[in-house]
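A.B. asks: Dropping the sequence and predicted coords here.
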Number of protein chains: 2
Amino acid sequence: MSKNLTKREIDYSKWYNELVVKADLAENSAVRGCMVIKPYGYAIWEKMQAQLDKMFKETGHENAYFPLFVPKSLFEAEEKNAEGFAKECAVVTHYRLQNDPDNPGKLRVDPTAKLEEELVVRPTSEAIIWNTYRGWIQSYRDLPLLINQWANVVRWEMRTRLFLRTAEFLWQEGHTAHATKSEAITEAMLMQKVYAEFAEGFMAMPVIKGSKSESERFAGADETFTIEALMQDGKALQAGTSHFLGQNFAKAFDVKYTSKEGKQEYVWATSWGVSTRLIGGLIMTHSDDFGLVLPPKLAPIQVVIVPIYKGDDQLEAISERVEVFVKGLRAKGISVKYDDRDTFRPGAKFAEYELKGVPIRIAIGSRDLENNTIEVARRDTLEKETVSQDAIVDYVSVLLDKIQTNLFDRAVEYRNEHTTEVDTFEEFKQALETKGGFVSAHWDGTAETEEKIKELTKATIRCIPLDGKIEEGKCVFSGQKSSQRVLFAKAY
Amino acid sequence: MSKNLTKREIDYSKWYNELVVKADLAENSAVRGCMVIKPYGYAIWEKMQAQLDKMFKETGHENAYFPLFVPKSLFEAEEKNAEGFAKECAVVTHYRLQNDPDNPGKLRVDPTAKLEEELVVRPTSEAIIWNTYRGWIQSYRDLPLLINQWANVVRWEMRTRLFLRTAEFLWQEGHTAHATKSEAITEAMLMQKVYAEFAEGFMAMPVIKGSKSESERFAGADETFTIEALMQDGKALQAGTSHFLGQNFAKAFDVKYTSKEGKQEYVWATSWGVSTRLIGGLIMTHSDDFGLVLPPKLAPIQVVIVPIYKGDDQLEAISERVEVFVKGLRAKGISVKYDDRDTFRPGAKFAEYELKGVPIRIAIGSRDLENNTIEVARRDTLEKETVSQDAIVDYVSVLLDKIQTNLFDRAVEYRNEHTTEVDTFEEFKQALETKGGFVSAHWDGTAETEEKIKELTKATIRCIPLDGKIEEGKCVFSGQKSSQRVLFAKAY
């Protein structure tokens, strides 16, 4: 398979699919819409998980694990939630296979092994979890209950794309229970903040914090908080959501607590999640026509060292020197790979690590040994520099930070260039067509207008920004009064 | 709910079930046979995962993720494997729910949304993984392929018990591909060794390394290596298995590689797994009538500090002193909880941490402040000692190691006392009935004898010990010649 990628400006979507496969991140599987996450892609997910898990624990959450299956009667208990997910539920109806009498060597579903009640493969776990919480919560002393789960979920989507939208995906889902409404809202917004800090501080992916319009809310939520990122093709990506669920699930599953005053009250709830979709966002925020570009904080390999040598003697001398650098770098917590495979030439190795987005590539040859130098190449800018071997550890350490910052700054700049304030529907359409990106416009607050704009332009309201200023204006579509701009975009 | 447990000698099985629930490890869910792993139980699993994952990576393995679903046609490709698992497969047949016209507010399976091909919820992933490996392996350069997956699997077992046997469970499954038979066998045995080191070094649970008799092998394996532990009720627990799969899956899924000599060869395979069942083994190896006893290396909380005070002034003075200890202990990597809740009395706290198996409990009162002392209680022996505050950090650090060692030694002693060599079938039955445990006996190597012994005594061959000495003897049942003793036991 050729390592050459389709260029982004030729076909962004094709570029993305090729990159995911060629950089060894993931591939489609034999199961419709489900992907295989390959070791290199999974290593990025492990880095994301480790950091998020740390942030969840620092904010007081504990992990637990709830069943994969949701009995249909529980699934349907919270009506809006059930309605929202019913159309994409994988359903287990039988629990046994048997030899197929008509096809020797083949199996078929055993018709006598039908479940009394069908089981839904969880598309999200509110139902099974709130049914469990009923047994865990009696008194105000049991609150808040702050639980997170790392799990797989299944949503039988018709159109799937690696990482961005797959029938099965990996995610975390937080599910918390609180004594008061304001506590629950505070929690939902706190987790939105945690997500934003993770996206910006680790993924180097700038995000807008906002809340969703009613029609874009999670099914069963009273309010959905979101972080929205902008991809290089001008489309927005919903990168994480945090929901204030009101008392909807508490009422559907009869979860009450005795307050300090001795009264029986329904519990207030939140749920929040991010998924392997983030890897899609990471790819589309930074990568280029040469391949993946990974921010150092999430790169499985931060530095790769490639020896340039002829013959075993040269390799041995280089390896001896390299061993010292590797030790120094690892002592600083930097992940380094020394690629001394003799089955590939340096050029092929350079191309491989470029494709795989390793932030820093170091080359060292026998002349470098004489001159006490090495060559350091940055993946983000493709610049090279010759550096003294004595300075290597500090140089790399500083450079990793620089790359992390540069990626973030570059992405912010792109987003700024692709965010347009418009005051008429003509401007609105023009901005979308010519530049794409976020379009900041007044909206009259009605679902009708939202729906019509979507029909006409394919743009949806990504969010009502949290830090948006109050500003008198008129809806770009209906001309009705509006007091705040909202962000529209075409979205993944 | 009373904290008092049924005593082990009254009803071991009841004691176990009560302990799992009362110590907040897990509980049954609304889904038949599936459990909810509660935060305290999950925290133990996280410790296990972290250590195992480290050991897998140190032995060259990478993590990846494969789909939850296995299309029926792939599932049935390796016949023995399919046959072995067919009777316990949850099967997805539909992908949508709809409003039930006969029951307003209820949902039903949409009969028009039937899958063309049924999907088996993975009971194990050989089929889906080997179907994928066909695309990953072309040349000897692609080998060995050393992959591990952390995942949930489903086996529709009829009789389930928390942790020990559940319809859904969490596990890791390694799946490796090799160029030669001997490399694959070496790998399978290496992972058995890793499992044994984990069980003994971290769980403090002694295990026997052996291989399974043909009838106890994994469906689709040419050889199954196992680690077998002995529980306090004299029953054995299969704690982990590692399979040499020969070329069975390579042939079923047509996975070939081009050798250095340019020949097309089938690949050799292994798979190996341990699961949340290990938590059941951990519980049943060490715990007592007062509750859980956890080995320090896997305890979520290693040390709990309980203040004994009257009034806020005393608490404040104690807390100030405790803060110093906590810092010192944490600096040594020891996990400490300071429980200054004022909603519970010290006695209730003592009982709670005893039930939850925290290895060391420290109590400190106002007299201790005067005397510069603290009281240290060990969970394993229930002994208490008064210790100078100045010595606390080193004392605790050494004591944690002592407890870890003591638990292991105690378990080895129990196992030694409950392993009986027998030479006649009368002795065999008597040993099983009076002492339980492992019975070491000669066996003629036939499945018939194995089956008959099982019928008559409920004991199965747990393993043919790897380090068993060659010894001429006669099968206890048939009187036929035998050259090695094997271990029988009743088992979980």
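C.D. replies: Good, I have the coordinates.

A.B. asks: And for residue A:87, nearest residue in space, chain neighbours not counted?
C.D. replies: residue B:96 (5.6 Å; C-beta to C-beta, 6 or more residues apart in numbering or on different chains). Any C-beta I mention is one placed from the backbone N, CA and C, and that applies to glycine too.

A.B. asks: my guess is the one you found contacts residue B:107, does it?
C.D. replies: No. Checked against C-beta atoms under 8 Å, the pair residue B:96 and residue B:107 is beyond contact range at 9.8 Å.

A.B. asks: higher neighbour count, these two?
C.D. replies: The neighbour comparison of residue B:96 against residue B:107 (other C-beta atoms under 10 Å in any protein chain shown) goes to residue B:107, with 23 against 18.

A.B. asks: OK, contacts around the more buried one?
C.D. replies: If you count contacts by C-beta atoms under 8 Å, 6 or more residues apart in numbering or on different chains, residue B:107 has them with A:72, A:75, A:76, A:82, A:86, B:97, B:98, B:99, B:100.

A.B. asks: What residues does the stretch 201-350 of chain A have near chain B?
C.D. replies: residue A:343 (C-beta under 8 Å from any C-beta of the partner chain).

A.B. asks: partners of residue A:265 in the sheet?
C.D. replies: residue A:257 (DSSP bridges).

A.B. asks: list the contacts for it?
C.D. replies: A:179, A:256, A:257, A:258, A:259.

A.B. asks: Which one of these is nearest to chain B?
C.D. replies: In terms of C-beta to the nearest C-beta, no member of the contacts of residue A:265 lies closer to chain B than residue A:258, at 13.9 Å.

A.B. asks: With adjacent residues omitted, what lies nearest to the closest one?
C.D. replies: Using C-beta to C-beta, 6+ apart and skipping the chain neighbours, the partner closest in space to residue A:258 is residue A:139 (5.0 Å).

A.B. asks: What is the burial count for the one you found?
C.D. replies: Around residue A:139 there are 12 residues (other C-beta under 10 Å).

A.B. asks: Generate a PyMOL selection restricted to the buried subset of the contacts of residue A:265.
C.D. replies: Buried residues among these (16 or more other C-beta atoms under 10 Å in any protein chain shown), as a PyMOL selection:
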select buried, chain A and resi 179+256+257
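
A.B. asks: related to what we said a few turns ago, find the residues that touch each one of residue B:96 and residue B:107.
C.D. replies: What both residue B:96 and residue B:107 touch, as defined by C-beta under 8 Å, 6+ apart, is the set residue A:86.

A.B. asks: about what we covered before: list the contacts for the residue nearest to residue A:87?
C.D. replies: A:86, A:87, A:88, A:89, A:91, A:156, B:109, B:110, B:113.

A.B. asks: among the residues you listed, who's most crowded?
C.D. replies: residue A:89 (28 neighbours).

A.B. asks: does it count as helix, strand or coil?
C.D. replies: At residue A:89 the chain is in coil, as set by DSSP: H, G, I helix; E, B strand; the rest coil.

A.B. asks: The residue of the stretch 251-400 of chain A found nearest chain B: how many residues sit nearby?
C.D. replies: For the stretch 251-400 of chain A and chain B, the shortest gap (C-beta to the nearest C-beta) falls at residue A:343, measuring 6.2 Å. When neighbours are counted by other C-beta under 10 Å, residue A:343 registers 7.

A.B. asks: ditto for residue A:488
C.D. replies: Considering only other C-beta under 10 Å, residue A:488 is surrounded by 28 other residues.

A.B. asks: so which strand or helix has it?
C.D. replies: For residue A:488, the enclosing helix or strand under DSSP states H and E is strand A:481-489.

A.B. asks: go on, residue A:92?
C.D. replies: strand A:91-94.

A.B. asks: got the CA positions of that strand in PDB?
C.D. replies: Provided in PDB are the C-alpha atoms of strand A:91-94 (Å, rounded to 0.1, in the frame of the first residue of the first chain):
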ATOM      1  CA  VAL A  91     -31.200  -6.200  20.600                       C
ATOM      2  CA  VAL A  92     -30.300  -9.700  22.100                       C
ATOM      3  CA  THR A  93     -33.300 -12.000  21.700                       C
ATOM      4  CA  HIS A  94     -31.700 -15.500  22.100                       C
END
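
A.B. asks: so what secondary structure elements neighbour the biggest helix by length in chain A?
C.D. replies: What stands out as the longest helix in chain A, according to DSSP state H, is helix A:392-417. If you count contacts as 3 or more C-beta pairs under 8 Å, 6 or more residues apart in numbering or on different chains; DSSP states H and E, helix A:392-417 packs onto strand A:223-230, helix A:277-286, helix A:311-331, strand A:360-365, strand A:373-378.

A.B. asks: Rounded mean pLDDT for the helix or strand just after it, please.
C.D. replies: Per DSSP H and E, the first helix or strand lying C-terminal to helix A:392-417 is strand A:419-421. Averaging pLDDT along strand A:419-421 gives 98.

A.B. asks: Starting from strand A:419-421, tell me which strands it pairs with and how they run.
C.D. replies: When DSSP bridges is applied, strand A:419-421 pairs with strand A:438-442 (parallel).

A.B. asks: residues in contact with the strand it pairs with?
C.D. replies: By C-beta under 8 Å, 6+ apart, the surrounding residues in contact with strand A:438-442 are A:208, A:230, A:236, A:415, A:418-423, A:428, A:431-432, A:459, A:462, A:473-476, A:482, A:484-489.

A.B. asks: out of those, which are buried?
C.D. replies: A:208, A:230, A:236, A:415, A:418-420, A:422, A:428, A:431-432, A:459, A:462, A:474-476, A:482, A:485-489.
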